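# Have a look at this prediction, sequence included:
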Amino acid sequence: MVKSADELAGTVIDAEEAGVPWFILGGGSNILVGDLGFRGLVIKNEADKIATGRTEWYIPRNDGLVTVTAESGALLSQLASFAIDHGLAGLEPFMSVPGTVGGAIFNNSHFRPSQNEFIGNLVEEAEILFPRATLDDVSSMRSARNPRSLRRRLPVGEKTKVLSGSSSMISETPSSVRPVPFRVSRDWFRFSYDYSRLQEEKAVVLRVKFKLEKGDPEELRSKSLELLKQRNSYQPIGSLSCGCMWRNPKEAPAGKLIDETGLKGIRVGGMSVSQTHANFMVNDGTGKVGDVLELMARVKKRVKKYCGVELEPEIFMVGEFSHENMKT
């Protein structure tokens, strides 16, 4: 368990240097852990510092926006509550979205996609760690589509030099070089529906800077509570689940397709398709990984047969699986 972004970075680097596989666990939403577990180091991310007061983390800007920085282990609900308390608008839809800031950036979490409520839209920049980056990697990243998006943060007093054609800096003694965080702009993430570049890059989000508008705290709180009530009215709140199981295809929302094929309530072992929202699978407390995978396989096959749509999982598989339905 780590309690700060710096501790998170150090732990990942130590694991890399020791050759130990690692996985960062945030709030635990949208993941399914294999029945054989994860062979390596699981790092529970509780780095949850958020700006308090007018510090370097809370910066009013000339354009009327305010930037707030949060560490990646902060809960989205915690960040949204902080913003509302400080009269900052933009994050109130995410009061009811589970998970942490890091996980939200990884998957570009959203509340109402039809209204363009994606967390990525609020990002200004982030501080990330490339634990496996070589000097060549750094150089190529600098010459990529957004060459100014990466700026190395160095400890005060560290002896540095400049790479040819780049402003990225490295220690003069290669043997002493350890990866250090870089700041990247929003464009680096290439956000889209349920996607960020982090799903393809071996990179760790340490801190994220959000740009928010000024608003009235009471109005924002009222709006947030209304959205929370809406969400609670059509999702299986209080039940054990991974969250939404399937990405919404272009043809129609996944839950609607599953419902139309008559799959609400279908059960495998301790798992069933939610009667409240068909894109959720709920666990009665006895469900196992094999039950989840078999139920996913049945749902996917039925929707393909009757709707002609190939569902894609929204959840991420972590660790090792022995079940044959892992083909899902």
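Sure, I can see it. Numbering: from 1, shown residues only.
# Where does the prediction get shaky in the chain?
52-64, 133-177, 323-328 (pLDDT under 70).
# the helices in the stretch 151-300 of the chain, which residues?
Using DSSP state H, counting those that start in this stretch, the helices of the stretch 151-300 of the chain run over 217-234, 254-260, 289-307.
# any chance of these in JSON lines, with distance to Glu201 and mean neighbour count too?
Every residue, glycine included, has its C-beta placed from N, CA and C. JSON lines is the format used below for the helices of the stretch 151-300 of the chain (distance: least, CB to CB, whole Å; neighbours: other CB atoms under 10 Å):
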{"stretch": "helix 217-234", "distance to Glu201": "31", "mean neighbour count": "14"}
{"stretch": "helix 254-260", "distance to Glu201": "27", "mean neighbour count": "20"}
{"stretch": "helix 289-307", "distance to Glu201": "27", "mean neighbour count": "19"}
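# among these, which is nearest Ile24?
Closest approach to Ile24 among the helices of the stretch 151-300 of the chain (CB to CB): helix 289-307, 20.5 Å.
# I'd like the next helix or strand past the closest one.
Sequence order places strand 316-318 as the next helix or strand after helix 289-307, per DSSP states H and E.
# Relative to that following strand, what are the paired strands and their orientations?
Neighbouring strands of strand 316-318 in its sheet, by DSSP bridges, are strand 31-33 (parallel).
# what helices or strands is the next helix or strand after the strand it pairs with leaning on?
Where DSSP H and E defines the elements, the next helix or strand beyond strand 31-33 is strand 41-44. Applying 3 or more CB pairs under 8 Å, 6 or more residues apart in numbering; DSSP states H and E, one finds that strand 41-44 makes contact with helix 5-18, strand 22-25.
# Go again with 6 Å.
Applying 3 or more CB pairs under 6 Å, 6 or more residues apart in numbering; DSSP states H and E, one finds that strand 41-44 contacts strand 22-25.
# For the strand it packs on, buried residues please.
By 16 or more other CB atoms under 10 Å, the buried positions in strand 22-25 come out as Trp22, Ile24, Leu25.
# ditto for stretch 187-201
Trp188, Phe189, Arg190, Phe191, Asp194, Tyr195, Ser196, Arg197, Leu198.
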